[in-house]
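S.K.: All I have is the shape, not the residue letters:
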């Protein structure tokens, strides 16, 4: 006997005036549940719960919404989302941004509880700083002049960065360097901490040092570090060419405090360190513009002999007040081939070379440099001897000195 399917009973919607209809008890409060990090199913459950207790809940943001409730979401995030919906919402200043705790307490009481500070989401106040203080977080996109307005602050931060590097605390050293770089890029002097609002790379430690300098003129931490025996010893020892932080630390624990102590202790030095000790005074003396121009002339003469039309650009640390380095960039016309030119130029200037260190800048295939197309090249660091004019002499006297020079020639 064939089975006859049962006829389904039609569902008749309840009339508007029936007892099952939802009754709004609090028409002056309209709730919107922020779904992000709450989940759709939990949001639907909370919406049914609140409607059953007489609350009005909107599924979409509208102008009638007075309370926005979120869960596990910061006020800044909710505020940013609300600002993106401004075209649909209209005036957003009258909306209360609340945590889920207000909602649960209201459900427990069966009526909306009064809004307290603990219920409100913390929203940062809009910045009142001038547009001139806005700055990119990437240092390569900022213009940093050599002569800036915050020399006292940057010198203090750089000293702390250097001391952190001596203590092998790389994270703190980088943090102080970044803070110093931000201050160098400012268009005016820092007079109060309000001038630093919204600037990147300024941590609590850096701000504390800056505040102390602005209020007292000096920082006790900077003064204590500068006068410490370890900092002074590490500063002097790492100033020797060929001596790094680890070697200087080892010598410090052995009782060596200055370069002159190396001979007293009879330390055996490698070739780089021996050359660094021999020309310690020269390499510790800042390079003048006259010396940099003289070195450029030597390199330019060597380049012009084998590559007519090439352009030499003088660069390097001689532009800064306390650097003993200089360098030259070589620009060759595109039609000129440089097959054996490098060897010829090196042989011409070899009579002035004291020491040359060659290092390969290698980018493995797995590195970010390879993926982003950063070229691999050979870096050459040369200590060059040249003439240093004596003060008060109209004609430069032949006095040999040592300079650090970076060579642009690749192999």
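M.R.: Thanks, I have the structure now. Note that the structure is predicted; figures quoted are calculated from it, not measured. Numbering: from 1, shown residues only.
S.K.: so where's the longest helix in the protein?
M.R.: Among the elements of type helix in the chain, defined by DSSP state H, the one spanning the most residues is helix 289-306.
S.K.: Residue 236: which element?
M.R.: Per DSSP states H and E, residue 236 falls inside helix 229-238.
S.K.: counting contacts, what elements does that helix pack onto?
M.R.: In terms of contacts (3 or more CB pairs under 8 Å, 6 or more residues apart in numbering; DSSP states H and E), helix 229-238 is packed against helix 151-166, helix 245-253. C-betas here are computed from N, CA, C, even on glycine.
S.K.: out of these, nearest to residue 218?
M.R.: Taking CB to CB as the criterion, helix 151-166 is the member of these that comes nearest to residue 218, at 8.4 Å.
S.K.: Which positions in the closest one come out as buried?
M.R.: 152-154, 156-166 (16 or more other CB atoms under 10 Å).
S.K.: I'd like those residues written out as JSON lines, with distance to residue 181 and pLDDT added.
M.R.: As requested, the buried residues of helix 151-166 are exported to JSON lines (distance: CB to CB, whole Å; pLDDT from 0 to 100):
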{"residue": "152", "distance to residue 181": "16", "pLDDT": "94"}
{"residue": "153", "distance to residue 181": "12", "pLDDT": "95"}
{"residue": "154", "distance to residue 181": "8", "pLDDT": "95"}
{"residue": "156", "distance to residue 181": "14", "pLDDT": "96"}
{"residue": "157", "distance to residue 181": "9", "pLDDT": "96"}
{"residue": "158", "distance to residue 181": "10", "pLDDT": "95"}
{"residue": "159", "distance to residue 181": "15", "pLDDT": "96"}
{"residue": "160", "distance to residue 181": "14", "pLDDT": "96"}
{"residue": "161", "distance to residue 181": "10", "pLDDT": "95"}
{"residue": "162", "distance to residue 181": "14", "pLDDT": "95"}
{"residue": "163", "distance to residue 181": "17", "pLDDT": "95"}
{"residue": "164", "distance to residue 181": "15", "pLDDT": "95"}
{"residue": "165", "distance to residue 181": "15", "pLDDT": "94"}
{"residue": "166", "distance to residue 181": "20", "pLDDT": "94"}
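S.K.: would you turn those residues into JSON lines with distance to residue 75?
M.R.: Converted to JSON lines, the buried residues of helix 151-166 look like this (distance: CB to CB, whole Å):
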{"residue": "152", "distance to residue 75": "38"}
{"residue": "153", "distance to residue 75": "33"}
{"residue": "154", "distance to residue 75": "35"}
{"residue": "156", "distance to residue 75": "35"}
{"residue": "157", "distance to residue 75": "32"}
{"residue": "158", "distance to residue 75": "37"}
{"residue": "159", "distance to residue 75": "39"}
{"residue": "160", "distance to residue 75": "34"}
{"residue": "161", "distance to residue 75": "35"}
{"residue": "162", "distance to residue 75": "40"}
{"residue": "163", "distance to residue 75": "39"}
{"residue": "164", "distance to residue 75": "35"}
{"residue": "165", "distance to residue 75": "39"}
{"residue": "166", "distance to residue 75": "42"}
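S.K.: of all these, which comes closest to residue 179?
M.R.: Minimum distance to residue 179 across the buried residues of helix 151-166 is 5.3 Å, recorded for residue 157 (CB to CB).
S.K.: which residues touch the closest residue to the closest one other than its chain neighbours?
M.R.: On the basis of CB to CB, 6 or more residues apart in numbering, the spatially nearest residue to residue 157 that is not a chain neighbour turns out to be residue 180, at 4.1 Å. Counting by CB atoms under 8 Å, 6 or more residues apart in numbering, residue 180 makes contact with 153-154, 157-158, 161.
S.K.: Identify the farthest-apart pair in those.
M.R.: Farthest pair in those (CB to CB) is 153 and 161. Separation: 12.6 Å.
S.K.: The longest helix of the chain packs against which elements?
M.R.: Identification of packing neighbours for helix 289-306 by 3+ CB pairs under 8 Å, 6+ apart yields strand 311-315, strand 325-331, helix 341-349, strand 377-387, strand 400-407.
S.K.: Now for residue 139, how many residues are close by?
M.R.: A count of neighbours around residue 139, defined by other CB atoms under 10 Å, yields 16.
S.K.: That one: what's it in contact with?
M.R.: Contacts of residue 139 were listed using CB under 8 Å, 6+ apart, and they are 178, 181, 185.
S.K.: ok, now residue 109?
M.R.: Taking CB under 8 Å, 6+ apart as the criterion, residue 109 is in contact with no other residue.
S.K.: any idea how far residue 160 is from it?
M.R.: To residue 160, residue 109 is 54 Å away according to CB to CB, to the nearest Å.
S.K.: Kindly report the same for residue 72.
M.R.: 38 Å.
S.K.: How about residue 85?
M.R.: From residue 85 over to residue 160 (counting by CB to CB), the distance is 45 Å.
S.K.: what do you get for residue 263?
M.R.: The spacing between residue 263 and residue 160, counted by CB to CB, is 32 Å.
S.K.: ditto for residue 108
M.R.: 53 Å.
S.K.: Also residue 173?
M.R.: From residue 173 over to residue 160 the distance is 8 Å, taken as CB to CB.
S.K.: coming back round to it: can you tell me which of the contacts of residue 139 lies closest to residue 246?
M.R.: Using CB to CB, residue 178 is the member of these that lies nearest residue 246, at 24.0 Å.
S.K.: Thought residue 201 was touching the closest one, still the case?
M.R.: Yes. Because the distance of 3.9 Å satisfies CB atoms under 8 Å, residue 178 is recorded as touching residue 201.
S.K.: Can I get the contacts of residue 139 in CSV including secondary structure?
M.R.: Listed next are the contacts of residue 139 as CSV, based on DSSP: H, G, I helix; E, B strand; the rest coil:
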residue, secondary structure
178, helix
181, helix
185, coil
